[in-house]
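In: after the sequence you'll find the predicted model.
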Amino acid sequence: MGSVRIIKVELSRSESYSYEIWCELGLRKKVRERLKEIAPGRRLFWIFDREVVKRWGEDFDLGPQELIVWEAREDRKNLASIEKLARELISLGADRLSLLVSVGGGVTGDVVGFLASIYMRGIPFVQVPTTLVAQVDSSIGGKTGVDLPDGKNLIGTFHQPMWVAIDPEFITSLPQNIMAQGMAEVIKTAWIGDEGLVEMLESQHDSIKAMELKVISYVVGRCAEIKASIVMQDERESDIRRILNLGHTFGHAIERASNYSISHGEAVAMGCICAAKLSFLLGKISEENLFRMVSLFTKYNLPVEIPPTLDTDDIIRSFYADKKKRDKMLVFVLPLTPGKVELYITDDLSIVKEAVSKKL
Ligand SMILES: NC(=O)c1ccc[n+]([C@@H]2O[C@H](COP(=O)([O-])OP(=O)(O)OC[C@H]3O[C@@H](n4cnc5c(N)ncnc54)[C@H](O)[C@@H]3O)[C@@H](O)[C@H]2O)c1
């Protein structure tokens, strides 16, 4: 086991909104003990992703009266699952004094967080994230929600977890494609917030690919810290939190234009490069840094070129197919030097189109 890194998330709305993120190898084995300390007297209900319970369940030693297992899949991240899980909680006797513990990836965390925010008008919950995406991104910040047939994350709440317990060892059992998705978010986060981390991802890529736990643990903890520091400045995503969307305006459009045949992580990688090309066209990023970003994604086997089968006009049209988007202005995050980004808001599609179609 390593030493614990404790990140404090202090939110201004009230003291009860503040919480800690712990990151430590082997932490999963201490979660129950710690919960007795931070939530004395609360009855715990653990909602586990089925894949996770299969591989890691015995480390938690749970009885049938406190455990719910569900199959976490994006197409089950919906209101029907919320109702099903809520009814299971009722049948197990969960009440207003209960605490939900989410153990799984981003789908499980979003669903359990949403359920906790509305179950009996709201009960506390804890995040135990088990994918790289969940550890560096989705478990932090309190965004919860489910999808509608009309689009992703259209129903949801802000509900901060009581504690986030990150054990980087979980990711050793991730399939390679899921790990790669997470690396796209890691590279994105590093470029937003820490030049040193960008350098580390460049120089230590062999160790990271070989899953050397000490290095992985540092990377995960540092990304969690960067995300937490941004969330602290803007809990409700009205301003600075939008910088976390680096690569996502382009990425979502690429995902949609491909009819979701391109995964989110791959689309984010391509989206970051489109954002860098846009930044280059606007004179904000040097050619050297543009190609530094290209080579970083390439090192982790993430795609940087949009496949020729995707039409630029379809991608541009997809910006406006987002059901959450109502105005004509598009918001992009421009990468500058590593560790620095800025927002760019425009309705000038010609330069955006040029960035999408520009060859490297
Ligand atoms: N709330 C937020 O701020 C936020 C941010 C980013 C993404 N998200 C959401 O997160 C979701 C994506 O998260 P994800 O990529 O973690 O997906 P996921 O939860 O579907 O997990 C991906 C796959 O990995 C499996 N898995 C999980 N942990 C494992 C482990 N340790 N070993 C082996 N297999 C494991 C799962 O069963 C699943 O098949 C999306 O729904 C997205 O909208 C939310």
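Out: That came through fine.
In: anything in the longest helix seen in the chain near the ligand?
Out: Criterion DSSP state H: the longest helix present in the chain is helix 213-233. No - contact of helix 213-233 with the ligand (CB under 6 Å from any ligand atom) is absent, the minimum separation being 8.8 Å. C-beta: built from backbone N, CA, C; applies to glycine.
In: now that helix: average pLDDT?
Out: If you average the pLDDT over helix 213-233, you get 96.
In: one more: stretch 312-321?
Out: For stretch 312-321, the per-residue pLDDT averages 92.
In: which other residues reach it?
Out: 249-250, 252-254, 256-257, 306, 325, 328, 330, 349, 352-353, 356-357 (CB atoms under 8 Å, 6 or more residues apart in numbering).
In: name the helices or strands packed onto the longest helix of the chain?
Out: If you count contacts as 3 or more CB pairs under 8 Å, 6 or more residues apart in numbering; DSSP states H and E, helix 213-233 packs onto strand 5-9, strand 19-23, strand 163-166, helix 176-193, helix 195-203, helix 205-209.
In: all helices for this protein, in order.
Out: Remark: helices assigned in the chain by DSSP H are 31-38, 50-56, 79-92, 106-118, 132-133, 176-193, 195-203, 205-209, 213-233, 248-257, 264-281, 287-299, 312-319, 349-357.
In: take those and write them to a markdown table, including mean neighbour count.
Out: Converted to a markdown table, the helices of the chain look like this (neighbours: other CB atoms under 10 Å):
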| stretch | mean neighbour count |
| --- | --- |
| helix 31-38 | 14 |
| helix 50-56 | 17 |
| helix 79-92 | 14 |
| helix 106-118 | 25 |
| helix 132-133 | 27 |
| helix 176-193 | 23 |
| helix 195-203 | 16 |
| helix 205-209 | 15 |
| helix 213-233 | 20 |
| helix 248-257 | 24 |
| helix 264-281 | 25 |
| helix 287-299 | 16 |
| helix 312-319 | 16 |
| helix 349-357 | 16 |
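In: let me have these in a markdown table, extended by distance to Ile140.
Out: Listed next are the helices of the chain as a markdown table, based on distance: least, CB to CB, whole Å:
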| stretch | distance to Ile140 |
| --- | --- |
| helix 31-38 | 17 |
| helix 50-56 | 19 |
| helix 79-92 | 22 |
| helix 106-118 | 10 |
| helix 132-133 | 11 |
| helix 176-193 | 11 |
| helix 195-203 | 16 |
| helix 205-209 | 20 |
| helix 213-233 | 5 |
| helix 248-257 | 16 |
| helix 264-281 | 17 |
| helix 287-299 | 23 |
| helix 312-319 | 27 |
| helix 349-357 | 30 |
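In: confidence score at the residue in the stretch 151-300 of the chain positioned nearest to the ligand?
Out: Distances from the stretch 151-300 of the chain to the ligand, computed as CB to the nearest ligand atom, single out Ser173 as the nearest residue at 3.6 Å. At Ser173, the pLDDT value in this model is 97.
In: near the ligand, which residues of the protein are found?
Out: 49, 51-52, 55, 72, 74, 77, 104-108, 110, 130-131, 133-134, 137-138, 141, 143, 152-153, 170, 173-174, 178, 181.
In: hmm, Val219 is touching Val186, no?
Out: Yes - counting by CB atoms under 8 Å, Val186 is a contact partner of Val219 at 6.2 Å.
In: which neighbours do these two have in common?
Out: By CB under 8 Å, 6+ apart, the residues touching both Val219 and Val186 are Leu201.
In: end-to-end on stretch 328-343?
Out: 16 Å (CA to CA, to the nearest Å).
In: quick one: buried residues of stretch 60-79?
Out: Residues of stretch 60-79 classed as buried: 60, 62, 67-70, 72, 77-78 (neighbour count, 16 or more other CB atoms under 10 Å).
In: and Met23, what does it touch?
Out: If you look again at residue 23, you'll see it is Cys, not Met. 4-5, 7, 135, 166, 168, 217, 220-221, 224.
In: tell me the one of those nearest Phe291?
Out: Val220 (26.8 Å; CB to CB).
In: residue contacts, that closest one?
Out: Val220 neighbours (CB under 8 Å, 6+ apart): 23, 132, 135-136, 166, 168, 171.
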